[in-house]
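>>> Kindly generate the corresponding structure for this input.
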Amino acid sequence: MSDKFFFEFNFRDSNDSNELSPLVIMLHGYGSNEDDLFSFANHMPVNYKIISLRAPYSLPYGGYSWYDINMNENMNIKIDIDQAKSSISKIEDFVKNKLPQKYSFNREKICLIGFSQGTVLSYALSLNNPALFKNVIALSGMINMELIAKNDKDYPNLNYFCSHGIQDQVIPVNYSRESVDWLKSKSINHVYKEYDMAHSVSQENFFDLLEWMKFNIK
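Numbering: from 1, shown residues only. The predicted model follows:
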């Protein structure tokens with residue numbers, strides 16, 4: 001795609017030319033690219049439009065990120081908040097203004113699928129724009145409250161599938177558990193599942209998210 005679209009991406013069209021289709025937007029993890037989650041597309045319902053975005057910041061060996069990750073002086077992980085907010089803003093503009101110029105889709109039926117760093121962004125996009133990003137599949141990630149606009153409202157229309165591996169050493173499972181506790185505190189409708197896996201998506205995890213999509217993204 002040209003620069004005016006902000007992103008390089010992979011796209012699979014819907015088989016339904018008569019109606020506005022649901023749109024699935026995939027956000028990959030740190031060091032990966034748009035090909036990663038797009039490998040799921042062949043197993044998803046044919047009436048979905050599916051787009052997998054490439055993050056804007058390049059890394060060595062052909063990888064990309066939505067924001068930089070570094071260690072501070074205390075050896076704690078520190079993320080580049082400005083880069084993360086910039087990526088969020090670009091995705092919002094892309095979906096609201098750029099993508100409709102090229103593809104038609106049902107704005108009421110958008111589903112974000114994020115993995116790891118892509119999950120961090122998916123949560124932020126949805127919680128900051130609940131009218132647009134109602135559905136989220138959050139894989140092996142967490143909510144970063146620095147990216148969430150401060151408010152006291154509940155989110156009655158949101159619907160999430162959240163999952164994590166209990167053997168995850170990249171983002172330990174307790175981060176996901178804490179995020180799910182926060183979802184509960186806000187009365188956000190969600191399913192949460194844990195799997196005996198590392199920082200990945202197991203076959204069981206994938207089958208469960210497909211089943212969730214079948215009933216929630218129609």
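>>> What's the first helix or strand after the helix or strand of the chain with the lowest mean pLDDT?
Within the chain, confidence by mean pLDDT, DSSP states H and E is lowest for strand 69-71 among all helices and strands, at a mean of 78. Past strand 69-71, further along toward the C-terminus, the next helix or strand under DSSP states H and E is strand 77-79.
>>> and the helix or strand that that following strand is followed by, what's its mean pLDDT?
On the C-terminal side of strand 77-79, the closest following helix or strand by DSSP H and E is helix 81-93. Rounded to a whole number, the mean pLDDT of helix 81-93 is 96.
>>> With stretch 119-134 instead?
For stretch 119-134, mean pLDDT is 96.
>>> do the same with stretch 199-214
Computed over stretch 199-214, the mean pLDDT rounds to 97.
>>> ok, and what's touching it?
40, 43-45, 111, 113, 115-116, 137, 139-140, 161, 163, 165, 168-171, 191, 193, 195-197 (CB atoms under 8 Å, 6 or more residues apart in numbering). Using the backbone N, CA and C atoms, a C-beta is placed for each residue, glycine as well.
>>> With just CA atoms, put it into PDB.
Output of stretch 199-214 as PDB, limited to C-alpha atoms (Å, rounded to 0.1, in the frame of the first residue of the first chain):
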ATOM      1  CA  HIS A 199       4.300 -17.100  24.600                       C
ATOM      2  CA  SER A 200       2.300 -18.400  21.700                       C
ATOM      3  CA  VAL A 201      -1.100 -19.500  20.400                       C
ATOM      4  CA  SER A 202      -1.700 -23.200  20.800                       C
ATOM      5  CA  GLN A 203      -4.100 -25.200  18.600                       C
ATOM      6  CA  GLU A 204      -6.600 -25.400  21.500                       C
ATOM      7  CA  ASN A 205      -6.400 -21.600  22.000                       C
ATOM      8  CA  PHE A 206      -6.900 -21.100  18.300                       C
ATOM      9  CA  PHE A 207     -10.000 -23.400  18.100                       C
ATOM     10  CA  ASP A 208     -11.500 -21.600  21.200                       C
ATOM     11  CA  LEU A 209     -11.100 -18.100  19.600                       C
ATOM     12  CA  LEU A 210     -12.600 -19.300  16.400                       C
ATOM     13  CA  GLU A 211     -15.600 -20.700  18.300                       C
ATOM     14  CA  TRP A 212     -15.900 -17.300  20.100                       C
ATOM     15  CA  MET A 213     -15.800 -15.500  16.800                       C
ATOM     16  CA  LYS A 214     -18.500 -17.700  15.400                       C
END
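>>> buried set for it?
199, 201, 205, 208-209, 212-213 (16 or more other CB atoms under 10 Å).
>>> What are the neighbouring residues in contact with the nearest residue to G141 once chain neighbours are set aside?
Nearest residue to G141 in three dimensions, chain neighbours excluded: T119, at 2.3 Å (CB to CB, 6 or more residues apart in numbering). The neighbours of T119, taking CB under 8 Å, 6+ apart as the test, are 27, 138-142.
>>> Which of these fall in strands?
Per DSSP state E, strands hold the following members of those: 27, 138-139.
>>> quick revisit: and the buried ones among the contacts of T119, selectable in ChimeraX?
In ChimeraX syntax, the buried subset of these is picked out as below (16+ other CB under 10 Å):
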select :27,138,139,140,141,142
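>>> Good, we can wrap up now.
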